[in-house]
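Student: kindly generate the corresponding structure for this input.
(2 chains)
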Amino acid sequence: MTKVDLLGRRKFITGLGVAAGAAMVAPAMAVSEKAAGVTWDEEFEIVIIGSGFAGLAAAIEAKKLGAKDVHIFEKMSYFGGNSAINGGLFAAPQTPMQKKEGVKDSVDRMVGDQMKAGRGIADEALLRHVAEHAVEALQMTLDAGSEYHPYLQQLGGHSVARTYQTTVSCGAGITQPLLKKCRDLGVETHNRAKFEGFLVGEKGEVLGVKMRQNYHFEEDQPGKVINVRAKRGVIMATGGFAQNVNLRMAQDPTLTAEVGCTNAPGATGEGMYEMFRLGAVPVHLAHIQSGPWASPDEGGFGYVSNYSIYNFPHSMAVNRLTGKRFMNEIADRKTRADAELSCRDEKGNAYPPLLITSYKDSKKHPNTKKVIKYNVGWKFESVDELATHFSVPVKALKAQIEEYNQYVKSGDDKQFGKNMTKAAGKYIEAPFTVVRLWPKVHYCQGGVQITTKAEVKDSFTGQAITGLFAAGEVCGGIHGVSRLGSCSIPECMVMGMTAARSMMNA
Amino acid sequence: MKTLKIMLALAMFGFASLSAQAVEIRDYHKDVIGKDCKACHDQGMKQYPSDESCLSCHNVDDLAEQTARSEEDKWQNPHNNLHYGKELPCQECHSEHKAKKPMCSNCHTFEYDKHKE
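Tutor: The predicted structure is shown next:
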């Protein structure tokens, strides 16, 4: 695993002295303050913190509804946040492509799948709100110029194929067009602008924010802090905290710096924690999801993640020690991540399992070529060659392949109950492509509690905090224990749009 | 060589006056800019140069053309990449006075032979 960058990050975090709820030490970190008596340096109609899917969708919707003055602030030097590097997978029920492919789906069915993965603690009202508006959000991306693969995918935990993916297999296929659209509509975008706290009125309402200008991430670079008045309110679209090792370990001590992370470096969570200080309700913070499709042979999300997401339905995952399958390859993320983490050698060290796919089926995904080219995946002409390369017991592996191919034929996986619909006719045959699997921290289900209007609720009053809205991964409780793949983009975009609608109707 | 230069600089100016003279400047920049630190440090000497600073001499479109890759790998062009287009500030990958890795290496195993760390 690429430990270098993670260790660097850990050092940075230690240096900042950020710990959940603990006192902040040097350098001086601003917090929320009373607005009384402050001088406003700027006054804008709508202030959006964060430039990922949620922030961009909010800005576009606000403009469409007639907002004159919309500003997006981004702490990094570049725009797009974690959204710009994610998989670009977008789930929605009753889409044009589902109609074309004859897939029967509904809002109820999508919510049902998500409730199951949420293991009883997901927020049905929010999931329903998102599913009901997901097609609108998809349309917003199409209007901005996003392009999608001409096929649907069925991701782990989904009972039907309902997932679109951008042709570049990356969220940038959405963030780039949305960012351009924002600018075409006259949205002002500010980079290197770090959120430093809220400015609140006498009744605790959010009147504005403090922003540090000329901010250089991970550098000791003192930029000037300015007070920005937000007339209609502030939308916090600051994402999760998967990159903040101290904060995630405070919630789940197993997620040390040695566990990889797929997120963009800026996913450090201070916007969320500032909302808690203001009174927001913390929900489900300990539910932090690891992606079971990641590879220990590259950093971050890399190339393998999308490769394996596409290939899992017609692939076989085997434990190198036994040569046998150890999980349903399209179970939900938590089920698979836990199963992968149990693959260890005799000494208990990580022994990443293999994902074996027939080249004839894997090659349909554009990443397959790249995975092989950049040495994060391999092609083999025979089972023997594959088994020798990875020291897998060859006899057991051959037996497993034969057994699995019976399930492909019968459509009934007797080992793990995998839904074999997408595997029909796709036998595991040479030549093979193989990648190694190991989970990486990917998504924080926890965050601030919001209403279906994207209002942030106050923990004492149970009421919405006036002037404060939140959308995207910074919000918590929506997905419960485990978010299904491709359900974050619709959530970010729908809740961003919702926040803009709430503000413009207020 | 680099180490030697720095050591020489240290010896000449002493630890107490470890100042701008000790910083390294790329040869090609030395030729063009000389010792005019403010040519880059447009926001004052104690601040990093602005994102626009490099662009007063370098043209993004030219750079993108110089580092263009074949159709299959076209999005691996650091100056016009998949995630951020042509908008990635130079300072994400380049630094005048210290070593830096290309940003892509956070997630990808691409090779950039000519990248000076």
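
Student: ok now do the residue nearest to residue A:422 when sequence neighbours are not counted, which residues does it touch?
Tutor: Closest residue to residue A:422 apart from its sequence neighbours, by Cβ to Cβ, 6 or more residues apart in numbering or on different chains: residue A:313 at 3.6 Å. Yep, even glycine has a C-beta here, placed from its N, CA and C like the rest. By Cβ atoms under 8 Å, 6 or more residues apart in numbering or on different chains, the contact set of residue A:313 is A:153, A:154, A:329, A:330, A:419, A:421, A:422, A:423.

Student: what about residue A:313, distance to residue A:158?
Tutor: Between residue A:313 and residue A:158 the computed distance is 10 Å (Cβ to Cβ, to the nearest Å).

Student: also residue A:319?
Tutor: Going from residue A:319 to residue A:158 by Cβ to Cβ gives 25 Å.

Student: I'd say residue A:451 and residue A:464 touch.
Tutor: Yes. Counting by Cβ atoms under 8 Å, residue A:451 does reach residue A:464; the two are 6.2 Å apart.

Student: so what sits against both of these two?
Tutor: Both residue A:451 and residue A:464 are in contact with residue A:457, where contact means Cβ under 8 Å, 6+ apart.

Student: quick check: residues of chain B near chain A?
Tutor: Residues of chain B lying near chain A by Cβ under 8 Å from any Cβ of the partner chain: B:43, B:47-48, B:50-51, B:72, B:75, B:82-85, B:87-89, B:91-92, B:105-110.

Student: can you classify residue A:231 by secondary structure?
Tutor: strand (DSSP: H, G, I helix; E, B strand; the rest coil).

Student: and if you look at residue A:435?
Tutor: When classified by three-state DSSP, residue A:435 comes out as strand.

Student: who touches it in this structure?
Tutor: Residue A:435 touches A:295, A:297, A:304, A:307, A:308, A:354, A:355, A:371, A:376, A:377, A:378, counting by Cβ under 8 Å, 6+ apart.

Student: can we see that at 6 Å?
Tutor: By Cβ atoms under 6 Å, 6 or more residues apart in numbering or on different chains, the contact set of residue A:435 is A:295, A:304, A:355, A:377.

Student: CSV for these, including distance to residue A:141?
Tutor: As requested, those are exported to CSV (distance: Cβ to Cβ, whole Å):
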residue, distance to residue A:141
A:295, 28
A:304, 25
A:355, 29
A:377, 29
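
Student: nearest to residue A:256, of these?
Tutor: Nearest to residue A:256 among those: residue A:295, at 19.1 Å, using Cβ to Cβ.

Student: nearest to chain B: which residue in chain A?
Tutor: The minimum distance from chain A to chain B, using Cβ to the nearest Cβ, falls at residue A:300 (3.1 Å).

Student: could you look up the SS state of that residue?
Tutor: Recorded secondary structure, residue A:300: coil (three-state DSSP).

Student: with residue A:425 instead?
Tutor: Using three-state DSSP, the structure places residue A:425 in coil.

Student: go on, the one 4 residues further on?
Tutor: The three-state assignment at residue A:429 reads coil, by three-state DSSP.

Student: okay, and the helix or strand of chain A with the least pLDDT?
Tutor: Using mean pLDDT, DSSP states H and E, the weakest-scoring helix or strand in chain A turns out to be helix A:3-16, at a mean of 37.

Student: I'd like the contacts of residue A:435 written out as CSV, with neighbour count, pLDDT and distance to chain B added.
Tutor: Compiled in CSV, those are given as follows (neighbours: other Cβ atoms under 10 Å in any protein chain shown; pLDDT from 0 to 100; distance: Cβ to the nearest Cβ, whole Å):
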residue, neighbour count, pLDDT, distance to chain B
A:295, 25, 96, 10
A:304, 26, 96, 10
A:355, 27, 98, 18
A:377, 26, 97, 11
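
Student: ok, the residues you listed vs residue A:173, which is closest?
Tutor: Using Cβ to Cβ, the contacts of residue A:435 come closest to residue A:173 at residue A:304, 18.4 Å.

Student: returning to that earlier point: from the contacts of residue A:435, which land in helices?
Tutor: residue A:304 (DSSP state H).

Student: quick check: strands, which of the contacts of residue A:435 are part of them?
Tutor: Counting by DSSP state E, the part of the contacts of residue A:435 found in strands is residue A:355.

Student: ok, the residue nearest to residue A:382 when sequence neighbours are not counted - how many residues close by?
Tutor: Leaving aside its sequence neighbours, residue A:382 sits nearest to residue A:430 (Cβ to Cβ, 6+ apart; 5.2 Å). Per other Cβ atoms under 10 Å in any protein chain shown, the neighbour tally for residue A:430 reads 16.

Student: phi first, then psi, for residue A:430.
Tutor: When read as degrees, to the nearest 10, the backbone of residue A:430 gives phi -70, psi 150.

Student: so residue A:135: helix, strand or coil?
Tutor: Under three-state DSSP, residue A:135 falls in the helix class.

Student: do I have it right that it meets residue A:92?
Tutor: Yes. The criterion here is Cβ atoms under 6 Å, and residue A:135 meets it with residue A:92 at 5.2 Å.

Student: helices of chain B, start to end?
Tutor: B:2-13, B:27-33, B:60-66.

Student: what's the local residue count around the closest residue to chain A within chain B?
Tutor: Nearest to chain A in chain B, going by Cβ to the nearest Cβ, is residue B:107, at a distance of 3.1 Å. Residue B:107 has 20 neighbours, counted by other Cβ under 10 Å.

Student: now do the contacts for it.
Tutor: Here residue B:107 is in contact with A:299, A:300, A:301, A:302 (criterion: Cβ under 6 Å, 6+ apart).

Student: right, and the pair among these with maximum separation?
Tutor: Farthest pair in those (Cβ to Cβ) is A:299 and A:301. Separation: 8.6 Å.
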